[in-house]
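K.L.:
my questions are about this predicted structure, shown below with the sequence.
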Amino acid sequence: MSWIILFFAGLFEVGWAVGLKYTDGFTRPLPTVLTVSAMVISLGLLGLAMKQLPLGTAYAIWTGVGAVGTVIAGIILFGESMSAMRLISVGLIVCGLLGLKLSH
């Protein structure tokens, strides 16, 4: 169950990272409230997952899921680059995440 909680914590990290783009420097009230809510939920879920998972593994997977998800969201929502080097780099992050999961 902790792994599922950790995955959702990472998804909410993607939500707040994307949300930051829409807050316009925290000057837009609704995007700001949604972004801060996603931050709180993400950290809360990370804390719950850490009750059973090692700190280093949980934190690395949380940030990795967030990083990969944010890159994908940037490509889809903001037309960011899909260069081969960028996609290979994201693939390496995914390999690292799988390695952490398998080594636990």
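P.N.:
Cool, the structure landed. Numbers count the residues shown, from 1 in each chain.

K.L.:
centre-most residue in this structure?
P.N.:
Central residue of the chain (CA atoms, centre = their mean): G66, 1.5 Å from the mean position.

K.L.:
just say helix, strand or coil for the residue of the chain most remote from its centre.
P.N.:
The outermost residue of the chain, judged against the average C-alpha position, is T27 (23.2 Å), by CA atoms, centre = their mean. With DSSP: H, G, I helix; E, B strand; the rest coil as the basis, T27 sits in coil.

K.L.:
got a list of what it touches?
P.N.:
Listed by CB atoms under 8 Å, 6 or more residues apart in numbering, T27 has no contact partners. (Glycine included, C-beta is placed from N, CA and C.)

K.L.:
for it, grab phi and psi.
P.N.:
Dihedral pair for T27: phi -100, psi -10, per degrees, to the nearest 10.

K.L.:
give me the pLDDT for it.
P.N.:
The model reports T27 with a pLDDT of 96.

K.L.:
can you give me the distance of it to S37?
P.N.:
From T27 across to S37, the span is 17 Å (CB to CB, to the nearest Å).

K.L.:
try Y59
P.N.:
For Y59, the distance to S37 (CB to CB) stands at 21 Å.

K.L.:
and G25, how many residues sit next to it?
P.N.:
Residue neighbour count, defined by other CB atoms under 10 Å, stands at 7 for G25.

K.L.:
buried ones in the helix or strand containing L98, by neighbour count?
P.N.:
Element membership of L98, judged by DSSP states H and E, is helix 84-103. Going by neighbour count (16 or more other CB atoms under 10 Å), the buried part of helix 84-103 is V90, I93, L97, L100.

K.L.:
need the pLDDT of the last one.
P.N.:
Meaning L100. Here, the pLDDT recorded for L100 equals 90.

K.L.:
please look at it and I61 and confirm they touch.
P.N.:
Yes: in this structure L100 lies within contact range of I61 using CB atoms under 8 Å: 5.8 Å.
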